[in-house]
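> Here is my input; please provide its structure:
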Amino acid sequence: MTPDSVGPFSRPILVERTLKTGQPVTVEANEAERAALARDFGLAGIARLTATFRLSGSLHRLQVTGTVEAALTQTCVVTLEPFDGTVTEEVDVDFADQDAFAGTPAEDADIPDPIVNGRIDLGSLAAEFLALGLDPYPRKPGVAFAPPAEDAEETPFAALHTLKGGGPAGNDG
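Predicted coordinates for the structure are as follows:
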């Protein structure tokens with residue numbers, strides 16, 4: 001977690017302290033963080049972003065499970081109208097000491113996320129899973145894409161056909 005890698009929603013926690021309590025950790029984005037994430041993800045808005053995580057394992061090898069939930073406003077790719085929706089994503093991520101897999105080629109192993117200076121960033125993890133849960137082509141409920149009606153005169157080749165002296169497209173004779 002370097003200052004350059006921290007996004008607009010950051011909640012670093014000490015792994016040791018959190019493991020000792022054994023309690024779930026809930027992180028919630030404030031208004032400014034939600035606005036910044038909405039800009040980053042191309043959303044009209046995020047009304048709520050909450051994540052609850054459970055940590056298990058050790059200081060050197062950690063598993064984080066939980067749920068990320070958001071209420072947001074997206075723009076429909078068909079009508080271009082804003083609409084409200086929700087995202088719920090299950091989280092199951094492994095973390096390990098930064099040095100645990102040093103020298104291991106990435107293609108040879110499923111390398112866990114790093115524990116840096118005894119800390120992990122649950123805000124960043126929540127933002128990552130929110131991004132994974134977003135529909136890249138959101139549609140307002142009940143809206144379907146209808147392709148334009150086929151009209152031979154309207155195709156890009158209809159004009160070429162007419163220029164070649166063939167008359168209206170589809171009329172070769």
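
> Report pLDDT for Pro148.
On the pLDDT scale, Pro148 is placed at 68.

> Could you pull up the contacting residues of the most centrally placed residue in the chain?
In the chain, the centroid-proximal residue (CA atoms, centre = their mean) is Ala131; its distance is 1.1 Å. The neighbours of Ala131, taking CB atoms under 8 Å, 6 or more residues apart in numbering as the test, are Phe41. All C-beta spots, glycine's among them, are computed from the backbone N, C-alpha and C.

> Relative to His60, how far out is it?
28 Å (CB to CB, to the nearest Å).

> and what of Pro82?
46 Å.

> can I see the domain layout of the protein?
12-142, 145-173 (automatic domain parsing).

> Comparing those domains, which comes out most buried?
domain 12-142 (a mean of 15; mean count of other CB atoms under 10 Å).

> Quick one: mean pLDDT over that domain.
92.

> Now do the end-to-end distance for that domain.
40 Å (CA to CA, to the nearest Å).

> hmm, back to that, looks to me like the residue nearest to the centre of the chain is in a helix.
Yes. Membership of Ala131 in a helix is supported by DSSP: H, G, I helix; E, B strand; the rest coil.

> ok, it to Pro12 distance?
19 Å.

> do Pro147 as well
Applying CB to CB to Pro147 and Pro12 gives a distance of 48 Å.

> what about the closest residue to Leu62 other than its chain neighbours, which SS state?
Counting by CB to CB, 6 or more residues apart in numbering, Leu62 lies nearest to Phe95, which is 4.2 Å off, once chain neighbours are set aside. Following three-state DSSP, Phe95 is assigned to strand.

> now the strands for this protein?
For the chain, the strands defined by DSSP state E cover 12-14, 25-28, 45-57, 61-75, 82-97, 113-115, 119-121.

> Of those strands, give the one that comes closest to Ala36.
The minimum distance between Ala36 and the strands of the chain falls on strand 45-57, with 9.4 Å, by CB to CB.

> And that closest one, how far out from the chain middle?
14 Å (CA atoms, centre = their mean, to the nearest Å).

> So which elements touch that strand?
helix 15-21, strand 25-28, helix 31-41, strand 61-75, strand 82-97, helix 122-133 (3 or more CB pairs under 8 Å, 6 or more residues apart in numbering; DSSP states H and E).
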